[in-house]
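>>> Sequence and computational prediction follow.
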Amino acid sequence: MKIGDYINRQIQKIIRDLVPEEMKDKAQQWLTLYIFQEEGGKWISLCDELQDANEKILEWVNERKDEKWEKSFKEYGTGVLYSEIQKDVADYRLGSNGERKTLLWVVYVKDKNESLNILAAVILKALIPKYDNMLVLEDMKSLYENPEGGETIKKFFFGDISDSQKLLDMYIKQVKEYHQLPNFQLLCHLSSMNYEKRKNKTTLYFNSREQQGGIQFDTPGLMFETVEHLRSLRKIMEISGEGGAVYIKQPEMIITGVVARKNFKGLTVEFQGNAEWILRKNQQEILIYRRGEYLIPVLAPKKEQELEKLEQLRGQLSDVDLENIKQIIIKLIKNSPHGTSIVFMEGEALQDEIRDRFFKNRYTIKVKEFALGDKKYNTGNARGNNMLRGVTSIDGAILSDLQGKCQAIGTILDGIFVGPGNPGRGARYNSVRNYVKWYKDTHPDVLCFAVIISEDEMINVEIPTTKI
């Protein structure tokens with residue numbers, strides 16, 4: 001293996017560590033790093049692994065040896081290549097003539113995905129300045145193979161991108177600067193501004209061209225730069241409504257008018273209610289803001305992927321019970337406009353927990369068991385669906401056995417704190433997550449798990465396994 005292979009392996013490991021368990025195998029294939037060195041007017045590879053792909057990309061690069069490679073994305077097959085050239089690299093290796101080198105760093109992004117493109121740019125921006133000498137590249141291989149020294153090296157070279165919060169901060173900065181967007185705090189504040197009790201559910205469209213069509217304003221001074229501009233902008237957003245968009249001309253940030261919503265080419269910010277918005281480029285998500293938390297779309301678990309966590313229970317649950325629980329969760333998502341949570345537990349243990357703790361201390365509303373998946377509670381008519389919707393609309397968690405039979409509703413979950421919470425998430429998420437972890441710690445032989453559904457239909461499946 002050459003040094004490029006070591007760096008590539010470490011990047012792929014970092015990406016794997018950043019995503020949920022069910023996404024790890026796929027995530028490892030998202031980005032592949034190649035390093036080339038200019039020699040005799042041609043590029044030579046500093047990688048040995050992925051030989052077939054390496055040779056194809058090397059051939060592709062050499063065919064374009066006269067092109068500018070400064071921070072450019074170029075289509076390649078089903079994906080893109082993001083490249084950055086590094087000139088004037090010192091060479092202090094033994095036997096070297098001291099001639100400075102030129103390196104070409106290329107990340108192959110497997111899918112044409114804007115979020116992955118930005119991630120590739122952020123990774124190279126963090127890595128390249130640290131490799132300023134060919135001696136570093138040569139020595140790193142032996143240091144990397146030394147377990148003790150290797151950890152120190154990895155921390156120095158990869159520390160920023162292996163820390164999820166630092167990577168997120170760099171990603172946000174890259175998005176803002178590259179696309180010349182206003183301070184994201186303004187977007188967050190704007191998303192929380194109601195207009196006569198109506199939530200913000202419209203779109204901002206950023207474009208450097210002059211507005212064509214729609215309602216064009218002839219009023220100077222309509223800007224989007226500071227907090228003082230937000231009240232006027234929020235009022236204008238009511239004109240566009242959900243079916244339109246406010247046109248903002250870049251880089252001046254002038255509000256020029258309102259246009260019909262369509263498949264915009266360029267940047268849009270779509271507001272989805274209180275403290276929620278999504279930034280898109282050419283209809284692809286590049287940044288999500290959700291109630292105090294920023295998410296890199298490609299790293300964020302999707303609803304379907306989160307539900308796949310339930311497959312961990314196959315073998316502990318019968319196939320019939322597992323499929324029944326999945327269908328119950330899907331129905332709860334559709335009938336929980338304000339979000340809800342449900343705890344599943346083995347029947348006898350659940351009865352003990354309700355009788356001896358929750359009901360005894362008036363922490364729950366005990367009910368005669370009923371099947372959450374029964375069609376009469378989910379028929380789609382007013383009497384059916386409203387029953388399930390009513391159960392989810394009150395504060396507190398639903399308690400169900402593993403066959404999907406509800407035993408209690410409106411349950412206030414308690415438990416000793418057993419691990420760090422997430423201050424970026426709400427009380428429902430933290431209390432439910434803590435409860436099932438605490439219960440599993442104190443009842444290791446009992447199967448217990450929970451599903452938390454937020455108002456925006458985001459779900460979290462919590463299956464505690466080991467003590468924190």
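Perfect, I can see it now. Numbers count the residues shown, from 1 in each chain.
>>> contacting residues around the nearest residue to Thr340 once chain neighbours are set aside?
In space, and not counting its chain neighbours, Thr340 is closest to Thr392: 3.8 Å by CB to CB, 6 or more residues apart in numbering. C-beta coordinates here come from the backbone N, C-alpha and C atoms, glycine included. Residues near Thr392 by CB atoms under 8 Å, 6 or more residues apart in numbering: 332, 335-336, 338-340, 398.
>>> which stretch of helix or strand covers Thr392?
Using DSSP states H and E, the element containing Thr392 is helix 382-393.
>>> Ok, Gln37 next?
strand 31-39.
>>> Could you do Glu49 as well?
Assigned by DSSP H and E, Glu49 falls outside every helix and strand.
>>> mind pulling up the phi and psi values for Cys406?
Phi and psi for Cys406, reported as degrees, to the nearest 10, are phi -70, psi 130.
>>> Report the beta-bridge partners for it.
Phe370, Ser400 (DSSP bridges).
>>> Isn't it up against Lys368?
No: with contact defined as CB atoms under 8 Å, Cys406 does not count as touching Lys368 (9.3 Å).
>>> More neighbours: these two, which one.
Cys406 (21 against 7; other CB atoms under 10 Å).
>>> circling back: which of the contacts of Thr392 sits closest to Thr32?
Of all those, Thr32 sits closest to Gly339, with 39.0 Å by CB to CB.
>>> which ones are touching that closest one?
With CB under 8 Å, 6+ apart, Gly339 has these contacts: 392, 428, 452-455.
>>> ok, now Gln86?
102-105, 128, 131.
>>> Now, those that are in strands?
Counting by DSSP state E, these place 102-105 in strands.
>>> Which two of those have the greatest separation?
Thr102 and Trp105 (11.0 Å).
>>> which residue is nearest the middle of this protein?
The geometric centre of the chain, computed from its C-alpha atoms, lies nearest to Ala300 (CA atoms, centre = their mean), at 2.4 Å.
>>> in the stretch 151-300 of the chain, which spans are helices?
Under the criterion DSSP state H, counting those that start in this stretch, the stretch 151-300 of the chain contains helices at 164-178, 184-191, 230-240.
>>> Remind me what the shortest one packs against, helices and strands.
The reference is to helix 184-191. Other elements packing on helix 184-191 under the criterion 3 or more CB pairs under 8 Å, 6 or more residues apart in numbering; DSSP states H and E are helix 230-240, strand 267-271, strand 276-281, strand 284-290.
>>> Name the residues linked to the residue lying closest to Ile329 once chain neighbours are set aside by a beta bridge.
Spatial nearest neighbour of Ile329, chain neighbours left out: Val451 (5.4 Å); criterion: CB to CB, 6+ apart. Per DSSP bridges, the residues bridged to Val451 are Ile342, Val461.
>>> Surely Val451 touches Met458?
No: counting by CB under 8 Å, Val451 stays clear of Met458, with 11.3 Å between them.
>>> neighbour count winner among the two?
Val451 (28 against 22).
>>> contacting residues around the residue lying closest to Lys235 once chain neighbours are set aside?
Take Lys235 and drop its neighbours on the chain: the residue closest to it by CB to CB, 6+ apart is Tyr195, 6.7 Å away. Taking CB under 8 Å, 6+ apart, we find Tyr195 in contact with 234-235, 237-238.
>>> can you pull the contacts of the residue nearest to Lys176 when sequence neighbours are not counted?
Of all residues not flanking Lys176 in the chain, Phe184 sits nearest, at 6.4 Å (CB to CB, 6+ apart). Listed by CB under 8 Å, 6+ apart, the contact set of Phe184 reads 172, 176, 289.
>>> and if you look at Pro337?
Neighbours of Pro337 in contact, by CB under 8 Å, 6+ apart: 389, 393, 455.
>>> Would you agree it falls within a helix?
No: looking at Pro337 with DSSP: H, G, I helix; E, B strand; the rest coil, it is coil, so not inside a helix.
>>> Distance-wise, check it relative to Ser393.
As for Pro337, its distance to Ser393 is 8 Å (criterion: CB to CB, to the nearest Å).
>>> cool, and Leu190?
In terms of CB to CB, Leu190 sits 28 Å off from Ser393.
>>> who's more crowded, those two?
More neighbours surround Leu190 than the other of Leu190 and Ser393, with 22 against 15 (other CB under 10 Å).
>>> Let me see the contact set for Pro10.
No, residue 10 isn't Pro; it's Gln. 154, 157-158.
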